[in-house]
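K.L.:
Fold the stuff below for me.
(2 chains)
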Amino acid sequence: MAAHLSYGRVNLNILREAARKELREFLDKCAGSKAIVWDEYLTGPFGLIAQYSLLKEHEVEKMFTLKSGKLPSADVKNIIFFVRPRLELMDIIAENVFSEDKMHSSRDFHILFVPRRSMLCEQRLKEQGVLASFVNIDEYILDLIPYDGDLLSMEYESAFRECYLENDQTSLYHTAKGLMTLQALYGTIPQIYGKGDCARHVANMMLRMKREFAGSQNQILPVFDTLLLLDRNIDLLTPLATQLTYEGLIDEIYGITNGYVKLPPEKFAQKKQGAALSKKAKIISAAFEERHNAKTVGEIKQFVSQLPHMQAARSSLANHTSIAELIKDITTSEAFFENLTVEQEFMTGVDTDKVNTYIEDCIAQKDPLIKILRLMCMQSVCNNGLKQKVFEYYKREILQTYGYEHILTLNNLEKASLLKLQTSSRNNYPTIRKTLKLWMEDANEQNPNDISYVYSGYAPLSVRLTQVLARPGWRSIEEVLKLLPGPHFEERQQLPAGLHKKRQQGENRTTLVFFLGGVSYAEIAALRFLSQMEDSGMEYIIATTKLLNGTTWIKSLMDRPESQIS
Amino acid sequence: MTFITANWNPLGEAFYRKSELYEMCWNLRDGLRDCLVAAAPYGGPIALLREPVRRSPSSRPQLEIYSASGVSIASFPWKSGPVVHLGWTVSDELLCIQEDGSVLIYDLFGSFKRHFSMGQEVVQSQVLEAKVFHSPYGTGVAIVTGSSRFIMATNIDDLKLRRLPEVPGLQGKPSCWVVLNQDRQTKVLLSTGSELYILDNTSCTAVSLPGLAPQGGSIVHMSVSFSYKYLAVLTDSGHLWTGPSHLQDKMSEVDTKKLTPPKQMVWCRRPKSQQPSVVLMWDRLLMVVGVCQDTIQFPTEDQCVLVGEMDGVRIISSTNQELLQEVPLVCQEIFKIASMAPGALLLEAHREYEKSSQKADEYLREIKEQSMLGEAVSQCIEAAGHEYDPNTQKSLMRAASFGKCFLTDFSPGQFVTTCRELRVLNSVRESSVGLPLTHTQFKQMTLQVLIDRLVYRQFYPLAIEMCRYLKIPDYQGVSRVLKHWASCKVQQKDLSDEAIARAMCAKVGDSPGVSYSDIAAKAYECGRTELAIKLLDFEARSGEQVPLLLKMKRSQLALSKAVESGDTDLVYTVVTYLKNEMNRGDFFMTLRNQPVALSLYRQFCKLQEQETLKDLYNQDDDHKELANYYVTASYREKRLESRLSLLQSAVDEYNKAKNEFSAKATEEEMRLLRFQRKLDDEKGAGLLELSLQATMEALLALGLYKQAEQLYRDFRVPDKRYWWLKLKSLAEKEEWDELEKFSKSKKSPIGYLAFVEVCMKSNNKYEAKKYVSKVTPEQRVKAHLAISDLDGAADAAIERKNDSEIATVLSRCSAADRLLIERLNRASTAKK
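P.N.:
Take a look at the predicted model:
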């Protein structure tokens, strides 16, 4: 069923099974036939835990999307709302319940809060006078959802925005809780490293929670040796850059949501709307080489056909070939090349203090606003802020071309430090770039020997920090760490005697890298590359609040006045 | 060592033994005479209430509570009404059933807990008799009233009074009655002398005892076994009938030859009993009547009380306490004279071994020959569990241990467990503790309950030691004990808050699973708010502190604890609470000191209460956010005037925030809006809501060049962007003359290659050519290629002597352009 989760170093299927068990238990609490009313946002993440067949086995006969007004009629005994704890959703539920009561009175209502029940929401239901209508109010703790054998995501889209714009640390609380769940299943993680304010906060909460649960001591041999917590804001640059790995490109161009991607159907023989991205895509991506696409499609074919287990997946192969061709069309286009050139100029520090003519032209051509913002933010990050003249010029250009309402978005980006005014004359970025070797001139994309291949030369800062931590350790880069925002720290969690791992000779250590605020596919690829490197001695499992790319990230930070939405 | 079988009495096939548990510690002046006595099973406490001496109303009876060994726990004068019956609940609470039907509940230490009534009608008719009984639902009370009605409550913790149907012809109280528990129903079995009735919720059914001899006479006494499974009935002719309590069968009928009714009659059985019996007690005689018709008679000197246990009967007199029970089979086998059971042989073998006699080997060999050594060891261990005397236990365990040496694969589990359990049992049997539990009772009761009972009796050190000794996980063991200790401690009124808090911290420390907030809640309950706050400080889980703090109206503290916990939902909860509790000014001030709470509240307001949001920003003089707020608000506004006025407010705030750029930009926006409306009014251009760029685009599309120009100047639009815009717009409309004019208006800031490309996009090669010559030399090759003029491109490239350009041109050449290719190649080599 979910074999892709269990092949890796850490069997993430355990986590999925635990989640499924809990879901079944809840469903069985509501005896009889059921209809689920979904908070639409949850359907994607839930799809990764349980397919419709599981729900059906537990007498779920109908599924609806939560919307205001009357509930669709369904001849079931139970109506279950699967919702996030949000006030606006409570109002809709209340409306549903009200309009329901008049017609049928025999249906039982239940609420399942994901990932946590909220007193605030229950209070709201009480105010609306419907709280008593619910037979069961429960929570379904779904913090970390397994996406792949080495990848967990909370799919908490607004995490970055909440943390850095709104000073709302709800997502961090859920992160800490999620990590506690993970430790309950995979053992206490003896070492915690972190960098950034959010990381510090999460670590503090974890340590406190551990104290609170002291006594119910976990007797599981630790699977993870180390936890590394990284704030997204210590590396704002990486997600802004166009990802140049196979999976990353698919995400950049078509957008991957919850492991699915919608591709133009006409390109696929069997008219497949969604193609699940499986492990195979990743294997290809490890050797697949992007922009300067020297490898022909035929070569990929040959490569893939050598893989075991592939016979059964001929159609998958065909899909991947088609996808590769689609992508190739785009990656070889002039526009793509130009954009990339500018990105690389910024990353290498060429003329970052001047108005960039390419950005200017793109605005004049009315290219998508997000593309402009991505480039602009990149320039700002690589230059430790923009000079006032340049900054204001860009902003005016945007306001005049795309509308004044975007002043709010610009303010947001400024608040998140993605855009900023250069205050000190000193630009730290070159120092960081040089010390951490973020730019590798001779990136070898055929047979990569460094993580920089994922961005054709640029080594993601976040991953570089991870790599340095493993060897030789952060002490060697104290100076650079100080240049990045927020504290860096190390904590140890006591293990009960007898649970100390006796490591076999040559056995790899396992690190869980948690990106607070999101991670890009390219960063994941880079970490996977590090795992595969023979002499690294480290395997990485990746967790994040959200899988993102520059576009979805910037989008989450945009403010759209209501008039624009309707 | 005394001879173990000395106190064994044969009864049918089996043996009964009466062994002393305690010499009672109490000193009762008048013995147990004229007392209401209640003794709880499982070695529970004993309560005594002297019958009120009616002579003088001023002399109040004394209610006394003792442990099973007679250690006084509490004693106080009874000030309430006349008591009919005393009984203990399953949780060691004392029920005092009064004549008027009220039931007073006291704890083990004699403090009053609560009371309930058996119904209004009882106040009039009075309680004649009452019984306390235990069922799976808890502890129940049944009474019979002066009007001959039965009223029953099956669970006093969930009080539901049931008035049972009337019994035909019953006057006053029945001659005897018992409460039965059958098929998950509680019933009353009563006898009016000659008749026998079963009373359940709805009916009163006459029944008869199967096989009771007609000359049996009328019923004077009844008794139900511990498990409610068996019934014993005694008639006035001295016949004892026994049978299952569903009355479908008869087990036996024995003539006791006693015509006076006994004081007490109790079943004496044990699980897997060979020979159950009923114990009858008269003033000076105790008679054990076996179902097998056999009897044993013990003379008694003193008034006694019988307490039925699951595996025997305890006999409490004013001086001592004994346990009467059927000797367990395994003990019989081992100790019976001349027994050849493997256990008996092993015990003997070990005895010889200790004497260093070779007979030990003979015995052992005998057991081994029958391959019974495992069985022998098991028997010894099991028998040790049933023995009360530590020396006997030891000799049995030693024998078992000795036997074990000759076994290779005997699991040590049973041995170790029994050792541990015996140690525990011996220590609670100590007279000072006074819990005379048998091993069977202990198993039934479970360790958890035993610890609870110790804790309830405030034997904290023993309980803790026991938990440690038995290696019970802290959570269920030590911590639980400490928790009780702590909540008992906070009630000690003679200690200062400071002292208690200190003691608490020292003892409890951070023992896992002890919830300081629970202890604090207890302290608060006792009215010690200050202590509660002190204790809450020790609580590791900030989240747990919040609800109590709110309850104690320490809302500020609650807020900071909520923030500390990181649980935003909790913060919201406190914030909502504060909002309702406080006036707005104080509320805002409180939030101000808690930035995390403040930002969460802002979030809440953003979604729910826009107006409050404004007030919050105002209070903080956060001009920038205030300005953003106005901007956001302006987009919700449909009317232009209101929109402009909101934007003006935004401008003012941006200025106050010294955010010049935003102020200017917003002013620009207002200017644009006014301009758009003017043109919409004048020309119906439909410009409102368009961006500046889009407005200019629309104007150009409408041919309103002048107005577009005006915007371009007024808004200081960069030349490049404007040129691009106009270029594309004109090309789209195919206004080629206008385009040419435009190209000549001044030097193009975007160069002329753009012109060429845009024209080509409109497929107008003719127009495109016009601009090729104007293109800068660097772009000339590109321009020629754009219009597919290979020759021109080649010329330009050769002229510029640029290899890469030559190569570009070459790459565009087809085979037909042979001459051209040669020329380019020549130029390329000539350069070298």
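
K.L.:
who are the neighbours in contact with residue 115?
P.N.:
You didn't pick a chain, so chain A it is. Applying Cβ atoms under 8 Å, 6 or more residues apart in numbering or on different chains to A:Pro115 gives the contacts A:Arg84, A:Glu139, A:Tyr140, A:Ile141, A:Leu142, A:Asp143, A:His174, A:Lys177, A:Gly178. C-beta: built from backbone N, CA, C; applies to glycine.

K.L.:
actually it's chain B I care about, not the one you picked
P.N.:
B:Ser102, B:Val103, B:Leu104, B:Ile105.

K.L.:
can you pull the contacts of the closest residue to A:Ile49 other than its chain neighbours?
P.N.:
Counting by Cβ to Cβ, 6 or more residues apart in numbering or on different chains, A:Ile49 lies nearest to A:Ala19, which is 4.9 Å off, once chain neighbours are set aside. Residues in contact with A:Ala19 (Cβ under 8 Å, 6+ apart) are A:Ile49, A:Ala50, A:Leu142, A:Ile145.

K.L.:
Quick check: the last one touching A:Pro45?
P.N.:
Yes - using Cβ atoms under 8 Å, A:Ile145 and A:Pro45 qualify as a contacting pair, with a distance of 5.2 Å.

K.L.:
got the residue ranges for the strands in the stretch 51-200 of chain A?
P.N.:
Per DSSP state E, counting those that start in this stretch, the stretch 51-200 of chain A carries strands over the ranges A:60-65, A:78-83, A:108-113, A:134-139, A:145-148, A:151-153, A:191-195.

K.L.:
now these in a markdown table, with mean neighbour count?
P.N.:
Shown next, in a markdown table, are the strands of the stretch 51-200 of chain A (neighbours: other Cβ atoms under 10 Å in any protein chain shown):
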| stretch | mean neighbour count |
| --- | --- |
| strand A:60-65 | 15 |
| strand A:78-83 | 24 |
| strand A:108-113 | 22 |
| strand A:134-139 | 16 |
| strand A:145-148 | 24 |
| strand A:151-153 | 24 |
| strand A:191-195 | 22 |
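
K.L.:
Make TSV from the ones you listed and add distance to chain B and mean pLDDT to it.
P.N.:
Formatted as TSV, the strands of the stretch 51-200 of chain A follow (distance: least, Cβ to the nearest Cβ, whole Å; pLDDT from 0 to 100):
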stretch	distance to chain B	mean pLDDT
strand A:60-65	21	90
strand A:78-83	14	92
strand A:108-113	10	91
strand A:134-139	11	89
strand A:145-148	21	88
strand A:151-153	20	93
strand A:191-195	15	96
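
K.L.:
Ok, which of those strands comes nearest B:Leu28?
P.N.:
For the strands of the stretch 51-200 of chain A, proximity to B:Leu28 was assessed by Cβ to Cβ; strand A:134-139 is nearest, at 57.2 Å.

K.L.:
Just checking: what are the partner strands of the closest one?
P.N.:
Sheet pairing for strand A:134-139, assigned by DSSP bridges, gives strand A:108-113 (parallel).

K.L.:
follow-up on the earlier one: distance to B:Val433 added to the strands of the stretch 51-200 of chain A, as TSV?
P.N.:
As requested, the strands of the stretch 51-200 of chain A are exported to TSV (distance: least, Cβ to Cβ, whole Å):
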stretch	distance to B:Val433
strand A:60-65	57
strand A:78-83	53
strand A:108-113	49
strand A:134-139	44
strand A:145-148	54
strand A:151-153	54
strand A:191-195	48
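
K.L.:
what's the closest of those strands to A:Trp553?
P.N.:
strand A:151-153 (14.0 Å).

K.L.:
contacting residues around that closest one?
P.N.:
Counting by Cβ under 8 Å, 6+ apart, A:12, A:15, A:144-147, A:182, A:524, A:541-547 sit against strand A:151-153.

K.L.:
Which residues does stretch B:324-334 contact?
P.N.:
B:8, B:11, B:14-18, B:268-270, B:272-277, B:279, B:288, B:311-315, B:335, B:339, B:341, B:343-344, B:347, B:379-380, B:382-383, B:386-387, B:396, B:438.
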